[in-house]
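Enquirer: Okay, predicted coordinates and the sequence, questions at the end:
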Amino acid sequence: MADRLKGKVAIVSGGATGCGAAAVRLFAAEGAAVGIIDRNVQAGQALAFELASLGKRVVFATADVSQKDQVEAAVANVKASLGPVNVLFNHAGTIVIKPFLETEEEDWDFLFDVNVKSMYLMTRAVLPMMLEAGKGAIVCTSSISAVYATPNEVLYDATKGACHMFARAIAVEFRDRGIRCNAICPGFIETPHGLREVAELTALGVDVSEAALKAAQGRFGQPEDIARAALYLASDDAEFVNGTQLFVDNAFSAV
């Protein structure tokens, strides 16, 4: 077992299921104490219990990460339980798939709250601890959708473009104070989120069939593919990687 995050205290938002849960497991296996922040209480508590029973230092704190008071309370809970946080994986997010002219203002506000405002709130809550320590690593989940548009995903694409630039701007502002911030851009990943995206796009006539996905990226990505990328960016192995976007899409974006 490696220890690339030995001595680190990490938070994973949206860490109860999918790629977030895969990252929690991998971060813990690599020596980190991990705080899971998610609104899915049942799955989050089950994951924390599973890892604690294996001797890992893991705590679950419930929060709607689009709400400032809940984020601040959850981060304070993690700090009290595990110590000051020096790794943050901003992974929480969701999707709205609709023809653009069928979207409503509420859809726009909801998606920007969950996908973008959450990164602002989480980073705003954690960054002072990193600055006090003089070092920290932030990883933000963007998407291939930040730069590759898909029909019926205008709102989602716009949020991921914002995630892209959020990570770059944090990196530029805080580089000289020991902070790194990078974005991961997943392709289509085999999670409940990814499978729902495929089903809803298919229903709207967009070709995301198995054959189309195979042509675009070889296979469905797996949660562990994203977790390994997050581990690299969170670890000191990436100490000179800052303000970049790591596409984890098996050449989808290279064609």
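Expert: Sure, I can see it.
Enquirer: show me where this structure has strands.
Expert: Assigned by DSSP state E, the strands in the chain fall at 9-13, 33-38, 58-62, 87-90, 136-141, 179-186, 245-248.
Enquirer: want to throw those into a markdown table with distance to residue 128?
Expert: Yep, even glycine has a C-beta here, placed from its N, CA and C like the rest. Formatted as a markdown table, those follow (distance: least, C-beta to C-beta, whole Å):
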| stretch | distance to residue 128 |
| --- | --- |
| strand 9-13 | 13 |
| strand 33-38 | 16 |
| strand 58-62 | 18 |
| strand 87-90 | 12 |
| strand 136-141 | 10 |
| strand 179-186 | 11 |
| strand 245-248 | 25 |
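Enquirer: Go through those and name the closest to residue 76.
Expert: Closest approach to residue 76 among the strands of the chain (C-beta to C-beta): strand 58-62, 8.6 Å.
Enquirer: by contact count, what packs against the closest one?
Expert: When contacts are defined as 3 or more C-beta pairs under 8 Å, 6 or more residues apart in numbering; DSSP states H and E, strand 58-62 sits against strand 33-38, helix 41-52, helix 68-82.
Enquirer: what packs against the last one?
Expert: By that I understand helix 68-82. So helix 68-82, by 3+ C-beta pairs under 8 Å, 6+ apart, packs with strand 9-13, strand 33-38, strand 58-62, helix 118-133.
Enquirer: Quickly note the distance from residue 50 to residue 228.
Expert: Counting by C-beta to C-beta, to the nearest Å, the gap from residue 50 to residue 228 is 20 Å.
Enquirer: Is residue 114 in contact with residue 92, as I believe?
Expert: Yes: look at residue 114 against residue 92 with C-beta atoms under 8 Å: they come within range, at 6.7 Å.
Enquirer: Who has more neighbours out of the two?
Expert: Neighbours were counted for residue 114 and for residue 92 using other C-beta atoms under 10 Å; residue 92 has more, 24 against 21.
Enquirer: Please render the helices and strands packed on helix 68-82 as TSV that adds mean neighbour count and distance to residue 236 to the earlier fields.
Expert: Below are the helices and strands packed on helix 68-82 laid out as TSV (neighbours: other C-beta atoms under 10 Å; distance: least, C-beta to C-beta, whole Å):
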stretch	mean neighbour count	distance to residue 236
strand 9-13	29	13
strand 33-38	29	16
strand 58-62	23	21
helix 118-133	20	13
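Enquirer: how near is residue 86 to residue 61?
Expert: Relative to residue 61, residue 86 is positioned 17 Å away (C-beta to C-beta).
Enquirer: now residue 254
Expert: Going from residue 254 to residue 61 by C-beta to C-beta gives 39 Å.
Enquirer: contact partners of stretch 189-200?
Expert: 17-19, 93-95, 97, 152, 188, 208, 213, 220-223, 225-226 (C-beta atoms under 8 Å, 6 or more residues apart in numbering).
Enquirer: ok, residue 229 - contacts?
Expert: Shown here is residue 229, whose contacts under the criterion C-beta under 8 Å, 6+ apart are 184, 246, 248.
Enquirer: so which of these is the most crowded?
Expert: Those, ranked by neighbours (other C-beta under 10 Å): first place residue 184, 27 neighbours.
Enquirer: looking at it, that residue is touching residue 146, isn't it?
Expert: No: between residue 184 and residue 146 there is no contact under C-beta under 8 Å: 10.6 Å.
Enquirer: overlap in contacts of those two?
Expert: Here residue 184 and residue 146 share the contacting residues residue 245, scored by C-beta under 8 Å, 6+ apart.
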